[in-house]
Each structure stands twice: as structure tokens, then as C-alpha cells.
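Engineer: My questions concern the predicted model and sequence given below.
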Amino acid sequence: MNLQIGEQIKIGRIKKGWTQQELAISLGVTTQAVSKWETESSYPDITMLPIIARSLNVSIDQLMNFNPDLPEKEVKRIVEKAVDNYVEKGFEIGYDYVKDILNLYPNSIALKFYLGSLFQGFLLEENLLKKEKIQELYLESTKLYEEVLASGLREFDYKTRIILVGNYMMLKEFDKAEKMIDSLPEDSQDKEFLYGNLYVVTGEKEKAKEIHLKNLKYTGNKLLATMQVLSTLYIEEDIDKALEQIKKAVEISEILNYGRHSVLQIYMKTLIEKGDLEKAVEIFEELVDNIENIEKEFTPEENSSYIKSVLSKSILLDKDLDKIRSYEQVKLKELKLQKYI
């Protein structure tokens, strides 16, 4: 049997951008040894395989060019049949089918991942199972996902970690849940959200509230920014469509109690662009009122006085507002803004 270990070592080394010498230093062997492995004139000692795999960021199976998984089409066919069994014949028969399949293909990581996800989805809808049975099933599911994670297959790694966090919380294994959250990449958008959920189930309500409010603000800010960009693009094509988009953004900012000054400013300018000056003046008044009370949107640490000053100055210097500056309401409101500069 040709294991092609040498070829896999070479592929992994090149992917990492390493020379044979750099890999040799990483492994504590000679450059000649690496060269012989890659040309398959000799093979590494079996005890070296885990060390080589770790250095190249691959699993031992990948290093040995061993693919225990089924073809993608076959995995899809099995998953579809499992869905049909769950839907048409009920949870027990669907569950038994999944167990049989996993026993038949114990090395298929893809099946473990997809059937585990499917199993969890139907488990959440199952109201007839006793609490003890649900606990038992979650333990089985967790074991499956731990095996998926241990496989080292990158395509399943991130989602598996997310799922395991939820499973550990369901099983009240909070230390494991926290460690799994910690293992997520620092730039993961799910990390803070999962910490918030963990604090909810552990009863740390103040921490949970702080994190989820922060997440809401972050998500809301991204949503509003996206809607503002879309409305700007629509202005050139269809100004009424742009206004419709901005109105939705205004409503969202009101619900979130965040970013209202930004969307009101765009709303006002779009109305001026359309020529609806009366409505623009109305929105201008609303905008100034919002700036006067902007500390409600920020924490004390965020220095709302400075933000108020910057926003007031930007409005007073904005030439786009010249078309409505002759209105008495605008003059009065601009006098109010002057005191914040």
C-alpha cells in the first residue's frame, strides 16, 4: 500500500511556505531526513507522525492521505433520507436510522457533523421525550461533535465549536463551554454573543446585560451603516426609493436608541435634494433635539459632550443646509447648537 506520506509532507510544507530546513528545525531532525521523506526513499518513524501533523496543521489521516469520508453525493443522499425518516416516521425511527448509519460509517466525519446537526434540530422540536432522555441524547450529540473537532478538519472546525458551546451549556458543563468560547478566533463575531448567553445561564445577569447591549449596539450600527449606503446608492436612481429606505433606518434607530442623529441627517439631506423643504425643516428640528439629548445613547466613558460638539459643528458648517437656513425654526435651532461648540 502506497501511503504517499512523503508527498503529503511536501504539500503541507509548501502550503506553510517553509523550506525543508525550516521544517527540519521545527521537527528537530536533519534537512536530509526531510528530503528523504519527501522523495520517499525513507519514511518517518511512526512516533513522528503526530509531531509532523501538528507542525503542518493537518490531521494524521490527512498526512497519510487517508480519506475515511464518503463522497459528497452519498453524504447528501443519506442526510436527505434521515430527514425523510424524521419527518414521515417520527423522532424514534429517525434517530434509530441515524444511529445505524453512524455505526455503518464510523469514520465519516461529514456524516457525524451533518447528522448531528439534523438530530439536534429535530430534538428541539420533540416535546414527548423525558428530561433524562433529552440529557442522554445531548451527551451522545456532544460526543459526536467532540469527535468531529478532534478530526482536525477545518471545514467543520468553527461551526463545531459553536455547537459544542451550546451543548455544554445545555449539559450545565459551564467550564467546558467557557473554554470552547475562549478557543474561538479573537475576531469571531460570535464570541461576545456566546459569552453573553453563558452569563445568562450561569445567572450573571449584569454581565449578560452589558455584553448583549454592546452586541445590540454593534449590530445596529452595522445595519444602519448598510442601510445608509444603500439609500445613498438609491438617490441617484430613485429618490423616493431612497427615502423609503431611510425611513426604515430611522425606525430601526428609534428602536435601538442608537445612531438616530446619523440617519436623521441623511433623511434631511435627501428631502432637501428632493425639494421637500418643509419636511426637511421638520427633520432638522428633530435632529437638533436628538443631539441635545445624545448622552442617552452613550456611556459616560464615551464623552458625549465632545460628540455633541463635533456633531453641532458639522451641522453648522454644512453647506447642504443653506436651502433651509432662512426658515425661522432652523435659525432658532442653530442658536441652540452654537452653545455646544
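Structural biologist: Nice, I can see it.

Engineer: Give the next helix or strand downstream of the helix or strand hosting residue 24.
Structural biologist: Here residue 24 sits within helix 20-27, counting by DSSP states H and E. Downstream of helix 20-27, the next assigned helix or strand under DSSP H and E is helix 31-38.

Engineer: Name the residues of that following helix that are buried.
Structural biologist: Of all the residues in helix 31-38, those buried under the rule 16 or more other Cβ atoms under 10 Å are 33, 34, 35, 37, 38. The way it works is simple: take the backbone N, C-alpha and C, and place the C-beta from them, glycine included.

Engineer: which residues are contacting it?
Structural biologist: Defining contact as Cβ atoms under 8 Å, 6 or more residues apart in numbering, one finds that helix 31-38 is touched by 5-7, 9-10, 13, 20-21, 23-24, 27, 42-44.

Engineer: May I have the secondary structure class of residue 147?
Structural biologist: Secondary structure, DSSP: H, G, I helix; E, B strand; the rest coil: residue 147 is helix.

Engineer: So what's the residue count around residue 136?
Structural biologist: For residue 136, the neighbour count with other Cβ atoms under 10 Å is 12.

Engineer: Could you list which residues are in contact with it?
Structural biologist: By Cβ under 8 Å, 6+ apart, no residues touch residue 136.

Engineer: and it, what pLDDT?
Structural biologist: According to the prediction, residue 136 has pLDDT 83.

Engineer: mind checking which helix or strand it is in?
Structural biologist: helix 131-150.

Engineer: for residue 77, same thing?
Structural biologist: For residue 77, the element it lies in under DSSP H and E is helix 72-89.

Engineer: Go ahead and produce PDB holding the CA coordinates of that helix.
Structural biologist: Below are the C-alpha coordinates for helix 72-89, written out as PDB (Å, rounded to 0.1, in the frame of the first residue of the first chain):
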ATOM      1  CA  GLU A  72     -20.200  14.300  -1.000                       C
ATOM      2  CA  LYS A  73     -23.200  13.000  -3.100                       C
ATOM      3  CA  GLU A  74     -23.500   9.900  -0.900                       C
ATOM      4  CA  VAL A  75     -23.400  12.000   2.300                       C
ATOM      5  CA  LYS A  76     -26.200  14.300   0.800                       C
ATOM      6  CA  ARG A  77     -28.300  11.200  -0.100                       C
ATOM      7  CA  ILE A  78     -28.000   9.800   3.500                       C
ATOM      8  CA  VAL A  79     -28.800  13.100   5.100                       C
ATOM      9  CA  GLU A  80     -31.900  13.600   2.900                       C
ATOM     10  CA  LYS A  81     -33.100  10.100   3.800                       C
ATOM     11  CA  ALA A  82     -32.600  10.800   7.500                       C
ATOM     12  CA  VAL A  83     -34.700  14.000   7.100                       C
ATOM     13  CA  ASP A  84     -37.500  12.000   5.500                       C
ATOM     14  CA  ASN A  85     -37.400   9.400   8.300                       C
ATOM     15  CA  TYR A  86     -37.700  12.100  11.000                       C
ATOM     16  CA  VAL A  87     -40.500  14.000   9.200                       C
ATOM     17  CA  GLU A  88     -42.600  11.000   8.000                       C
ATOM     18  CA  LYS A  89     -41.900   8.300  10.600                       C
END
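
Engineer: who's in contact with it?
Structural biologist: 69-70, 93-95, 97-98, 101, 108, 110-111, 114-115, 118, 122.

Engineer: Buried residues in that helix, which are they?
Structural biologist: Neighbour counts over helix 72-89 (16+ other Cβ under 10 Å) mark 75, 78, 79, 82, 85, 86 as buried.

Engineer: Equivalent analysis for stretch 178-193, please.
Structural biologist: By 16+ other Cβ under 10 Å, the buried positions in stretch 178-193 come out as 178, 180, 181, 184, 191, 193.

Engineer: cool, stretch 257-265 as well?
Structural biologist: 258, 259, 260, 261, 262, 263, 264, 265.

Engineer: need these in a markdown table with pLDDT, can you?
Structural biologist: Output for these, formatted as a markdown table (pLDDT from 0 to 100):
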| residue | pLDDT |
| --- | --- |
| 258 | 77 |
| 259 | 81 |
| 260 | 85 |
| 261 | 86 |
| 262 | 86 |
| 263 | 88 |
| 264 | 92 |
| 265 | 90 |
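
Engineer: Between those, which sits nearest residue 241?
Structural biologist: residue 263 (15.9 Å; Cβ to Cβ).

Engineer: residues near the nearest residue to residue 334 once chain neighbours are set aside, how many?
Structural biologist: In space, and not counting its chain neighbours, residue 334 is closest to residue 316: 6.2 Å by Cβ to Cβ, 6 or more residues apart in numbering. For residue 316, the count of nearby residues is 14 (other Cβ under 10 Å).

Engineer: Tell me the confidence at residue 316?
Structural biologist: pLDDT, residue 316: 93.

Engineer: circling back to that earlier point, most neighbours among the contacts of helix 31-38, please name it.
Structural biologist: Neighbour tally across the contacts of helix 31-38 (other Cβ under 10 Å): the maximum, 25 neighbours, falls on residue 9.

Engineer: got any ranges where the stretch 1-150 of the chain has weak pLDDT?
Structural biologist: The stretch 1-150 of the chain contains residues with pLDDT under 70 at 1-3, 61, 65-69, 120-129.

Engineer: Fine, thanks again, bye for now.
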